[in-house]
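Trainee: Show me how the following folds:
(2 chains)
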There are 2 protein chains.
Amino acid sequence: MTTDKTYLAGIDIGGTSIKLGLFTTEKENVAVWQIPTSTADGGRAIARDVAGAIEEKLNTLGIEKDSLAGAGAGAPGYVRPDDGVVTKAVNIGWEEYPLAQALTEALERPVFVQNDANLAAAGEAWRGAAAGIDDVICITIGTGVGAGLLVNGEIIAGRRGTAGEIGHLTVEPDGRRCNCGRYGCLEQYASATAVKEIAAEALTHYPDSTLHQAEALTAAVIYQEAAAGDVLAQQVVDQAAAYLGLALGNLATALNPERILIGGGVSAAGDTLMVPLAEQFERFALDEAAGAVQFSIAKLGNEAGISGAAWLAAKRLGFL
Amino acid sequence: MTTDKTYLAGIDIGGTSIKLGLFTTEKENVAVWQIPTSTADGGRAIARDVAGAIEEKLNTLGIEKDSLAGAGAGAPGYVRPDDGVVTKAVNIGWEEYPLAQALTEALERPVFVQNDANLAAAGEAWRGAAAGIDDVICITIGTGVGAGLLVNGEIIAGRRGTAGEIGHLTVEPDGRRCNCGRYGCLEQYASATAVKEIAAEALTHYPDSTLHQAEALTAAVIYQEAAAGDVLAQQVVDQAAAYLGLALGNLATALNPERILIGGGVSAAGDTLMVPLAEQFERFALDEAAGAVQFSIAKLGNEAGISGAAWLAAKRLGFL
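Mentor: Okay, here's the model as predicted:
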């Protein structure tokens, strides 16, 4: 097959698997697949693995490598915005690792690197739930809480690439201890992990709670029982919503975004989370800012990261 | 005098006076002056007054009007970023007023409009305490608390131009009532007005406080007595510093800036504010973000606004 289309690869590096995607410069997705993450040799095998997987896929699809203009990659850690060096990615073992350079050499194409949460936000703004919208906060609530911030259609990476770490906004001074070493971080109240821990700690005080019947106490079960009327589950969910509303309300006052997207596993809770969250958000955000925002559920799921990575390449290579 | 320099005017519109400046495209300041703000005719006289004042000054300086490339203007309210319409400026009486268009017609040059606090931040980043720095939070603490946020060298205006209103970040849910209608806004603890009110409310409980001897209870006196060891004054200042530290710490976690500037009347308190503020900031900001930031006192004072306005014109007209 010959083609006159130009392709971009999207790479989303996680602790256990690496998601890969091929896109045209017209946002069309032509392939999505994944490979395991090899943490061998301090993560130094990854660049070669990724390049090999992309070349193999191009081959299979009959796309000439000359049609591949470049790639973007999301890394699970702090990425220095100017040179794509991963300053710290605990899950992989990278520290001051020149990922952009390693991928560029292995793939023989320009590869641009950013933090994975930032790219997920950009992916949703390129071809997802915030398509065409320039001022977006995309919060991901799962094991942890993270976010990507888009202003004027550009990612806010920050001076050292740590912008968007809103799981570590202090929402309760002297509150629950966080593994970042500080106290009262949003993540300690609103993540799936925290919701589970808080419910488990309180369970003995609520002998009638339906949570006692759960086979395994998970955030999904807690949200489900909250919807069914269990008092303890409702309290835990309301607390999570209040702190999320405080954090997002303050971010909206500061940034005046047009769209706030909720993604990650917890977003499956739907209205059980969104209704109290919207109420708390209105309470805490400046009226003018609250009035400008629409909430949506993120829709690209696992493909947000690879989409945003392809967007980054498209942007840097001048296709956007 | 003939000249081959190109000039830009900076306009900073306040409730009682309008500050004006002429700058070369090389950042050189050639004139600073001011005229009274006429709120006659719902603020509709302002554009003509400003244009007249600028033309007169050019005449006096022997600069031909052809050398004036354009102007920027800061307005004390919400400014829609795309068309320079002031959606609300309570002090002037503007509502949905097309200020950019009115000034452009009166001056017969392109004029760009932004919120005044945003332009003050840009001014400090163009030729002040953050010269050459792209990621800046510039907070102004006076009668109220406001800020301008710069990311990648661009102002964050937000969807409806209300970004940077950090005086209305909620720092104490259900705390002191704010004139925005909500509770616990930063401004209600950290502004000069709030510091004065809080001290006045507590004064009867502190019969030995040196604040009883003050001729007039002002924020300046309170900071001065805090430095001299008065217990009440210290408590009020420590509380202001704690809430400022919380708000700025959270903003730094979200945005990862390189510089935080403190401006406005209260910045004259120097170390009496800065030492406890830095301590509280370290307590609340994510380590990686705290480590990237340097605090400074803003240095352009009254000229920050006109400098930022000239910067805006320089930027939009392609001189930067």
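Trainee: Tell me the residues of the stretch 51-200 of chain A that contact chain B?
Mentor: By Cβ under 8 Å from any Cβ of the partner chain, the part of the stretch 51-200 of chain A that sits against chain B consists of A:78, A:88, A:135, A:149, A:151-152, A:154, A:156-166, A:168-170, A:173, A:180-182. (Each C-beta comes from the backbone N, C-alpha and C, glycine too.)
Trainee: Give me the buried subset of those.
Mentor: Neighbour counting with 16 or more other Cβ atoms under 10 Å in any protein chain shown marks A:78, A:88, A:135, A:149, A:151, A:156-166, A:168-170, A:173, A:180, A:182 as buried within these.
Trainee: Keep only those of the residues you listed that are in helices.
Mentor: Judged by DSSP state H, the subset of those located in helices is empty.
Trainee: The residue of the stretch 101-250 of chain A found nearest chain B: what's it in contact with?
Mentor: Of all residues in the stretch 101-250 of chain A, A:Gly158 sits closest to chain B, at 2.4 Å by Cβ to the nearest Cβ. A:Gly158 makes contacts with A:Pro81, A:Gly164, B:Asp135, B:Val151, B:Leu255, B:Asn256, B:Pro257, B:Ala289, B:Ala292, as judged by Cβ atoms under 8 Å, 6 or more residues apart in numbering or on different chains.
Trainee: any chance of those in a markdown table, with pLDDT and distance to B:Ala216 too?
Mentor: Conversion of the contacts of A:Gly158 to a markdown table gives the following (pLDDT from 0 to 100; distance: Cβ to Cβ, whole Å):
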| residue | pLDDT | distance to B:Ala216 |
| --- | --- | --- |
| A:Pro81 | 84 | 49 |
| A:Gly164 | 96 | 45 |
| B:Asp135 | 96 | 40 |
| B:Val151 | 95 | 40 |
| B:Leu255 | 98 | 38 |
| B:Asn256 | 97 | 41 |
| B:Pro257 | 98 | 36 |
| B:Ala289 | 96 | 39 |
| B:Ala292 | 96 | 41 |
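Trainee: and which of those residues is nearest B:Trp126?
Mentor: The shortest approach to B:Trp126 among the contacts of A:Gly158 belongs to B:Asp135, at 14.4 Å (Cβ to Cβ).
Trainee: what's that closest one sitting at in phi/psi?
Mentor: In this entry, B:Asp135 is assigned phi and psi values of phi -120, psi 100 (degrees, to the nearest 10).
Trainee: What separation is there between it and B:Gly153?
Mentor: According to Cβ to Cβ, to the nearest Å, B:Asp135 and B:Gly153 sit 8 Å apart.
Trainee: Equivalent analysis for A:Asn29, please.
Mentor: Between A:Asn29 and B:Gly153 the distance is 33 Å, computed by Cβ to Cβ.
Trainee: so how far is the lowest-mean-pLDDT helix or strand in chain A from its chain's centroid?
Mentor: Of all the helices and strands that make up chain A, helix A:40-43 has the lowest average by mean pLDDT, DSSP states H and E, namely a mean of 88. Distance of helix A:40-43 from its chain centroid, counting by Cα atoms, centre = their mean, to the nearest Å, is 24 Å.
Trainee: Could you export that helix as PDB, CA atoms only?
Mentor: Coordinates of the C-alpha atoms in helix A:40-43 are reproduced here as PDB (Å, rounded to 0.1, in the frame of the first residue of the first chain):
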ATOM      1  CA  ALA A  40      15.300  -3.800  32.700                       C
ATOM      2  CA  ASP A  41      18.500  -1.800  32.700                       C
ATOM      3  CA  GLY A  42      16.900   1.100  34.600                       C
ATOM      4  CA  GLY A  43      14.300   1.600  31.800                       C
END
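Trainee: for the next helix-or-strand element following that helix, which positions count as buried?
Mentor: Using DSSP states H and E, the next helix or strand after helix A:40-43 towards the C-terminus is helix A:46-61. By neighbour count, with 16+ other Cβ under 10 Å as the criterion, the buried positions of helix A:46-61 are A:Ile46, A:Ala47, A:Asp49, A:Val50, A:Ala51, A:Ala53, A:Ile54, A:Lys57, A:Leu58.
Trainee: my read: the fifth one touches A:Ala102, true?
Mentor: No - between A:Ala51 and A:Ala102 there is no contact under Cβ atoms under 8 Å: 9.4 Å.
Trainee: For the stretch 1-150 of chain A, give me the ranges with low pLDDT.
Mentor: Low-confidence segments of the stretch 1-150 of chain A, defined by pLDDT under 70, span residues A:1-3.
Trainee: Just the helices from it, written as ranges.
Mentor: Along the stretch 1-150 of chain A, the segments classed as helices by DSSP state H, counting those that start in this stretch run A:40-43, A:46-61, A:99-107, A:116-127.
Trainee: Report the distance from the third one to the chain centre.
Mentor: What that stands for is helix A:99-107. 23 Å.
Trainee: That helix relative to helix A:46-61, how many degrees between them?
Mentor: Here helix A:99-107 points in a direction 40 degrees away from that of helix A:46-61 (axes from the mean of the first three to the mean of the last three Cα atoms, to 10 degrees).
Trainee: residues in contact with the least confident helix or strand of chain A?
Mentor: Counting by Cβ under 8 Å, 6+ apart, A:Ala89, A:Ile92, A:Gly93, A:Trp94, A:Tyr97 sit against helix A:40-43.
Trainee: now do stretch A:48-55
Mentor: The list of residues contacting stretch A:48-55 from outside it, by Cβ under 8 Å, 6+ apart, reads A:9, A:11, A:13, A:18, A:20, A:22, A:33, A:35, A:38, A:65, A:68, A:71, A:73, A:103, A:106-108.
Trainee: Can you select the buried ones from these in ChimeraX?
Mentor: With 16+ other Cβ under 10 Å as the criterion, this ChimeraX line picks the buried residues out of the contacts of stretch A:48-55:
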select /A:9,11,13,18,20,22,35,68,71,73,103,106,107
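Trainee: so of the contacts of stretch A:48-55, which ones are in strands?
Mentor: Secondary structure of these is defined by DSSP state E; positions in strands are A:Ala9, A:Ile11, A:Ile13, A:Ile18, A:Leu20, A:Leu22, A:Trp33, A:Ile35, A:Leu68, A:Ala71, A:Ala73.
Trainee: Using neighbour counts, pick out the buried residues of stretch A:63-76.
Mentor: Using 16+ other Cβ under 10 Å as the test for burial, stretch A:63-76 gives A:Ile63, A:Ser67, A:Leu68, A:Ala69, A:Gly70, A:Ala71, A:Gly72, A:Ala73, A:Gly74, A:Ala75, A:Pro76.
Trainee: residues in contact with the spatially most central residue of chain A?
Mentor: Centrality entry for chain A: nearest residue to the mean C-alpha point is A:Ala117, 3.4 Å, by Cα atoms, centre = their mean. For A:Ala117, the contacting residues are A:Cys138, A:Thr140, A:Gly146, A:Ala147, A:Gly148, A:Gly164, by Cβ under 8 Å, 6+ apart.
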